[in-house]
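Engineer: got a predicted structure here, sequence first:
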Amino acid sequence: MNSFTASITNIIIVINVIFYFLSKSNKQLYEQSIMKPYVVQKQNQYYRFITSGFMHANLPHLFFNMFTMYFFGHNLELLLSYYNLGGTTAYLALYFGALIASDIPSFVKYHNSPSYASLGASGAVSAVVFATIVFSPWSSIYLYAAIKISAMLYAVLFVVYSVYMGKRGQDNINHDAHLWGAIFGLAFVIILVLMLEPLLFQSIIESLKHPSLFGRD
């Protein structure tokens, strides 16, 4: 897993970066890839549930998502393999399932709104974050290599910020997808554990009983 080529997370990050720069130089690719619920419904372009997840509004948007994906995604890959929870297959199912699931509420809400459009990997990244903290909610994360907080606190702040930005609605970033992606990620892993390794669930519950806002190394 230390090899760059062996990591599904790194491959996903590279694909996102490639598609970001391609979309900036190819307006047609951008327009045909972002989520437009009205167009999806009228023209049956359901592929947009996936392609919109590889589009980003700007470099900060791309960086924020991929930065988060890098740190949480690698851990989740290892955890799913270590605990015999489906490994790479489960990881990909979670990621792409979250891309679709996190866009469904927006699709239902805006399918009659021709002007609405959204984009971003936010739903899938949130799913990865919350799936990871199920296993180790109080592990340490260093923001900007200096501020130490727990993974759980980071996850909560991540969603609070996203919901707040979603209510402002000043860009095409689907911030609401963070919340729905988080719910999907939690549900996916909990069901996976209960189905494949139910004894592990007890240790997960036990770890939640000993909170640490600033995390443990």
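Structural biologist: Looks like it arrived, so ask away. Numbers count the residues shown, from 1 in each chain.

Engineer: show me where the chain has its strands.
Structural biologist: Counting by DSSP state E, the segments of the chain that form strands are 140-143, 147-150.

Engineer: got those strands as JSON lines, with distance to Phe64, mean pLDDT and mean neighbour count columns?
Structural biologist: Where you see a C-beta, it was placed from the backbone N, CA and C, and this is true even at glycine. Output for the strands of the chain, formatted as JSON lines (distance: least, Cβ to Cβ, whole Å; pLDDT from 0 to 100; neighbours: other Cβ atoms under 10 Å):
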{"stretch": "strand 140-143", "distance to Phe64": "12", "mean pLDDT": "75", "mean neighbour count": "14"}
{"stretch": "strand 147-150", "distance to Phe64": "16", "mean pLDDT": "83", "mean neighbour count": "15"}
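
Engineer: just so I know, which of those lies nearest Ile8?
Structural biologist: strand 140-143 (21.0 Å; Cβ to Cβ).

Engineer: okay if I get the strands of the chain as a markdown table plus distance to Leu80?
Structural biologist: Listed next are the strands of the chain as a markdown table, based on distance: least, Cβ to Cβ, whole Å:
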| stretch | distance to Leu80 |
| --- | --- |
| strand 140-143 | 20 |
| strand 147-150 | 21 |
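
Engineer: closest one to Phe201 among those strands?
Structural biologist: strand 147-150 (20.6 Å).

Engineer: can you list contacts of that closest one?
Structural biologist: 137-143, 157, 211-216 (Cβ atoms under 8 Å, 6 or more residues apart in numbering).

Engineer: among the strands of the chain, which is nearest Ala127?
Structural biologist: Here strand 140-143 is closest among those (Cβ to Cβ), at 17.4 Å.

Engineer: who does that closest one pair up with?
Structural biologist: strand 147-150 (antiparallel) (DSSP bridges).

Engineer: let me know the outermost residue of the protein.
Structural biologist: Within the chain, Lys42 marks the point farthest from the mean C-alpha position, 27.5 Å out by Cα atoms, centre = their mean.

Engineer: mind checking how far that residue is from Val134?
Structural biologist: Between Lys42 and Val134 the computed distance is 39 Å (Cβ to Cβ, to the nearest Å).

Engineer: how about Ala124?
Structural biologist: In terms of Cβ to Cβ, Ala124 sits 16 Å off from Val134.

Engineer: what are the ranges of the helices in the chain?
Structural biologist: When secondary structure is read from DSSP state H, the chain shows helices at 8-25, 27-33, 37-43, 48-51, 59-82, 87-101, 104-110, 122-135, 151-168, 176-196, 200-208.

Engineer: those helices: lowest mean pLDDT?
Structural biologist: Looking over those, mean pLDDT reaches its minimum on helix 151-168, with a mean of 76.

Engineer: show me what contacts the residue most central in space within the chain?
Structural biologist: The chain has Val125 as the residue nearest its centroid, 1.6 Å off, counting by Cα atoms, centre = their mean. Shown in contact with Val125 (Cβ under 8 Å, 6+ apart): Asn65, Thr68, Met69, Phe72, His178, Gly181.

Engineer: switch to 6 Å and redo it
Structural biologist: Asn65, Thr68, Met69 (Cβ atoms under 6 Å, 6 or more residues apart in numbering).

Engineer: nearest to Ser118, of those residues?
Structural biologist: Using Cβ to Cβ, the contacts of Val125 come closest to Ser118 at Asn65, 13.6 Å.

Engineer: the closest one - how many residues pack around it?
Structural biologist: 22 (other Cβ atoms under 10 Å).
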